[in-house]
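Enquirer: no sequence on this one, just coordinates:
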């Protein structure tokens, strides 16, 4: 079976993103995030095969160190997480070329402009060369949703049914993401995928013959996401999960 070069490239990018994401999240406790590089940021750095392999190793090491901090609390845990993050950043400097490191610093700076959107969406927007007007609208949209999201994050900490509250957070982020996507150009929209409902909730209302894996099923679009990528000293809370480590 012949595969076009474009299809092969898309498949390769997806495999890399999934591999890196899995390496960073395999040992994570649900609702907690170690600090890695989002797939959207990795894609913009144009890493070669050797760099990709080294980044995956660094991500695995970071995940293992993050796992060790789960038994710690308070300042001790924050110090351990910061140390792990600093070690990861040091590894990045050895992996990236000076130009790539400069590009990463620029992308991280742009991500901070959109931090209220959460690490996933902010990473996707970084590098899209938004206009001043678009950036202002993005910030306006994010600010509109912050009061309700903050309320839900506070509720999540004490909730007995955390899944329900997480679903409400997800719903707010889906709405916010759709509004952000609406202000992007058609070209930028192709690089921006706002949060979507979990597969289980989407399947609930879908005819059986249209579900993934069934005869005649509509192929689903995979979403590869990395973990929060802020340097330890500037790391904000995680919008999607409410993490404030």
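Expert: Arrived safely. Model, not experiment: these values are computed from the prediction.
Enquirer: When you work out contacts or count neighbours from here on, use the C-alpha atoms and nothing else.
Expert: Fine.
Enquirer: Mind checking what helix or strand follows the lowest-mean-pLDDT helix or strand in the chain in sequence?
Expert: The helix or strand of the chain with the poorest confidence is helix 5-25; it has a mean of 44 (mean pLDDT, DSSP states H and E). Going down the chain from helix 5-25, the next helix or strand is helix 39-45, by DSSP states H and E.
Enquirer: Counting by contacts, list what that following helix packs against.
Expert: helix 5-25, helix 98-113, helix 119-125 (3 or more Cα pairs under 8 Å, 6 or more residues apart in numbering; DSSP states H and E).
Enquirer: which residues of this structure fall in helices?
Expert: For the chain, the helices defined by DSSP state H occupy 5-25, 39-45, 49-68, 74-95, 98-113, 119-125, 132-158, 162-182, 186-189, 199-204.
Enquirer: Pipe those helices into a markdown table and attach mean neighbour count per row.
Expert: Below are those laid out as a markdown table (neighbours: other Cα atoms under 10 Å):
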| stretch | mean neighbour count |
| --- | --- |
| helix 5-25 | 17 |
| helix 39-45 | 19 |
| helix 49-68 | 19 |
| helix 74-95 | 16 |
| helix 98-113 | 16 |
| helix 119-125 | 26 |
| helix 132-158 | 15 |
| helix 162-182 | 18 |
| helix 186-189 | 13 |
| helix 199-204 | 11 |
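Enquirer: Mean pLDDT lowest where, among those helices?
Expert: Lowest mean pLDDT within those: helix 5-25, a mean of 44.
Enquirer: Could you check how far residue 97 is from residue 126?
Expert: Between residue 97 and residue 126 the distance, using Cα to Cα, to the nearest Å, works out to 20 Å.
Enquirer: Which one's more surrounded, the two?
Expert: Remark: of residue 97 and residue 126, residue 126 carries more neighbours, 21 against 14, as counted by other Cα atoms under 10 Å.
Enquirer: does that one really touch residue 110, like I thought?
Expert: Yes. If you go by Cα atoms under 8 Å, residue 126 and residue 110 touch, sitting 5.5 Å apart.
Enquirer: need the contact list for residue 99.
Expert: Residues near residue 99 by Cα atoms under 8 Å, 6 or more residues apart in numbering: none.
Enquirer: Would you mind measuring from it to residue 45?
Expert: With Cα to Cα as the criterion, residue 99 and residue 45 are 9 Å apart.
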